[in-house]
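K.L.:
From the sequence below, what's the structure:
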Amino acid sequence: MKCYITKPNQNKRILGLTGLNHDATAALIHDTDIRFAGHSERNSEIKNDELLNPQLLSQLRRYGDWDTVVWFEQPWLKKSRQLWAGQTQDTFTLQNLPSKYLKQFNLKPNHYIPHHLSHASAAYFTSPYRESIGVMIDAIGEWDTTTIWHIRTNHNGETQFKKLWNRQYPHSLGLWYSAMTQRLGLKPQEDEYILMGMAGWGTLDTTLQKEIRDEFFNEGIVEFKQNLHRGCMDWNPKCYPDDGSDKWKFDIAANVQSICEEEILKVFELAQSMLPNIDNFVYGGGVALNCVANSLLARRYPNIWIIPNPGDGGSSLGCAAYVLGKHLDWKNTFLGYDIQGEYPIKQTLKKLLKGDIVGVASGRAEFGPRALGNRSLLADPRGDDIKDRVNKIKKRQEFRPFAPAVLEEHAHEIFDMPVRKSQYMQFVAKCKQPDLYPAICHVDNTSRVQTVSKDDNPNFYNLINEFYKKTGCPMLLNTSLNIKGMPIVNTHNDGIGFEKRYGIKVL
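P.N.:
Next comes the predicted model:
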């Protein structure tokens, strides 16, 4: 298999870019310092916006200039796959080439890094490991959909990314999960997390799982039959007809999620068998956002690192890091637009103690899909009506759960944690006392836990700690400051607009 080697680079000011597919992002690094990383959608207010936004690049320039521009995939290799798949319009449109598209911003790519290598670089160069197994699973890159890597940095500082195994299009676990998302009436490549949440309400059924596998899967790891080929987003499964009930949807979701977990575990088992003497794992690609599956992985492979933005959005950072050829100085995910001013601890605490639901928009925005205290909608997790109230504000389905943000030192008292820390909401855990915290418990009594320490986010920690001192409850309900189908609030003016439209105080 192919081996890539990157050496520490003298061009230390690097701009990494993703776009022209979904979730366009930009990241700027100066040597190992991550100066800025942000999402186009937060500026355009178009969810998963595929186009780079001029405001995003303007914000980024405040943090410095660059001498190297890097794109997160290889466009001509991608076009070869589109041609093979019969996507002739995409194949023969040259305006979607990054070199042509970026001219409007006076940008010219110096490097094009393969898609899965960008994922692997994002995962590895933000990790604490010098040597690791890399597993990348997503919908599709150029051709690759699943890859296993041996990644290590030698004593000379050179880093070797050796691809040990891959699956290529149309054999894609991510595309299949998106196809099933669409089958349930949800939006593919956006609502997969809703399918994951629906799964908790469903019943596992071995007969149904066999039907699904018979229709889709060949023998072997994440190998699919040809009926997933050529436009799977427009294709509907033949079996298990929709009877119109919520139970039907929940049962399909539960069994799809279970199959997905099994297939992910098979990939990790294969990876471990290839490198039995290495127990460090870095995991990336959009499928790594499946926090239920992540929890199963963490119990088997405790030395696992998942970057908080493992999908394509995080690849702007990954492709830049690959060209740099060094581990980044990773501190946290607060890398985006900065709303300056003092974090509103006292005002927020006052609203929470009154039983109000309150928004916080302060400090630098999170890089990734999850709000972790700086662009959050917060509430007391103990209220019986809180879940319904928050779902109504966010215009979400009633079955959707919410996440708790809990003081790290109290997390294991309340939850059966699969990991010591879960500062990026990447894992789920059973709540030991679900009756006490109904607003943050799913139907199966699990929660997507965010642990908060003074090192992670001192302001958010102090807010939760003050709430704990007043109430004896060491956590808050924490969800993103947005409504369904809209990006998370970015600027101060966005926060004012949210407050006016939805009647929720934003501090």
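K.L.:
hey, let's count contacts and neighbours off CA atoms from now on
P.N.:
Fine.
K.L.:
Would you map the helices across the stretch 1-150 of the chain?
P.N.:
For the stretch 1-150 of the chain, the helices defined by DSSP state H, counting those that start in this stretch occupy 41-44, 54-61, 75-84, 88-91, 98-101, 115-125.
K.L.:
could you dump these to TSV with distance to Leu15 and mean pLDDT?
P.N.:
Output for the helices of the stretch 1-150 of the chain, formatted as TSV (distance: least, CA to CA, whole Å; pLDDT from 0 to 100):
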stretch	distance to Leu15	mean pLDDT
helix 41-44	18	96
helix 54-61	9	96
helix 75-84	18	90
helix 88-91	26	79
helix 98-101	14	94
helix 115-125	13	98
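K.L.:
For Arg396, which of the ones you listed is the nearest?
P.N.:
In terms of CA to CA, the element of those nearest to Arg396 is helix 41-44, at 19.6 Å.
K.L.:
Just the C-alphas of the closest one, formatted as PDB.
P.N.:
Only the C-alpha atoms of helix 41-44 are listed here, as PDB (Å, rounded to 0.1, in the frame of the first residue of the first chain):
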ATOM      1  CA  GLU A  41     -21.800  28.200   7.600                       C
ATOM      2  CA  ARG A  42     -21.500  30.400  10.700                       C
ATOM      3  CA  ASN A  43     -21.100  33.400   8.400                       C
ATOM      4  CA  SER A  44     -23.500  32.600   5.500                       C
END
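K.L.:
From Glu215, how far out is Ile488?
P.N.:
Using CA to CA, to the nearest Å, Ile488 is found at 38 Å from Glu215.
K.L.:
Likewise for Val135?
P.N.:
Counting by CA to CA - Val135 and Glu215 are separated by 26 Å.
K.L.:
So the two - more neighbours on which side?
P.N.:
Taking neighbours as other CA atoms under 10 Å, Val135 and Glu215 compare with Val135 leading, 27 against 16.
K.L.:
doesn't Gly286 make contact with that one?
P.N.:
No. Under the criterion of CA atoms under 8 Å, Val135 is not in contact with Gly286, lying 11.5 Å apart.
K.L.:
ok now the host helix or strand of Lys163, how far from the chain's centre?
P.N.:
Secondary structure assigned from DSSP states H and E places Lys163 in strand 159-168. Remark: strand 159-168 is offset 22 Å from the chain centroid, using CA atoms, centre = their mean, to the nearest Å.
K.L.:
And for it, what's in contact with it?
P.N.:
Residues from elsewhere that reach strand 159-168 (CA atoms under 8 Å, 6 or more residues apart in numbering): 1-7, 117, 143-153, 222-223, 325-326.
K.L.:
ok, now with 7 Å
P.N.:
Residues from elsewhere that reach strand 159-168 (CA atoms under 7 Å, 6 or more residues apart in numbering): 1-7, 143-153, 325.
K.L.:
now swap in stretch 340-356 and tell me
P.N.:
Residues contacting stretch 340-356 (CA under 7 Å, 6+ apart): 358, 362-363, 379-380, 459, 463, 467, 507.
K.L.:
Tabulate these (TSV), appending pLDDT.
P.N.:
Output for these, formatted as TSV (pLDDT from 0 to 100):
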residue	pLDDT
Val358	97
Ser362	98
Gly363	98
Ala379	96
Asp380	96
Asn459	98
Leu463	98
Phe467	98
Leu507	96
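K.L.:
Select from those every entry located in helices.
P.N.:
Residues of the contacts of stretch 340-356 located in helices (DSSP state H): 459, 463, 467.
K.L.:
In space, what's closest to the first one - neighbours in sequence excluded?
P.N.:
Spatially, and ignoring its direct neighbours in sequence, Asn459 is nearest to Tyr343 (6.4 Å; CA to CA, 6 or more residues apart in numbering).
K.L.:
The one you found and Val360: what is the separation?
P.N.:
Taken as CA to CA, the span from Tyr343 to Val360 is 8 Å.
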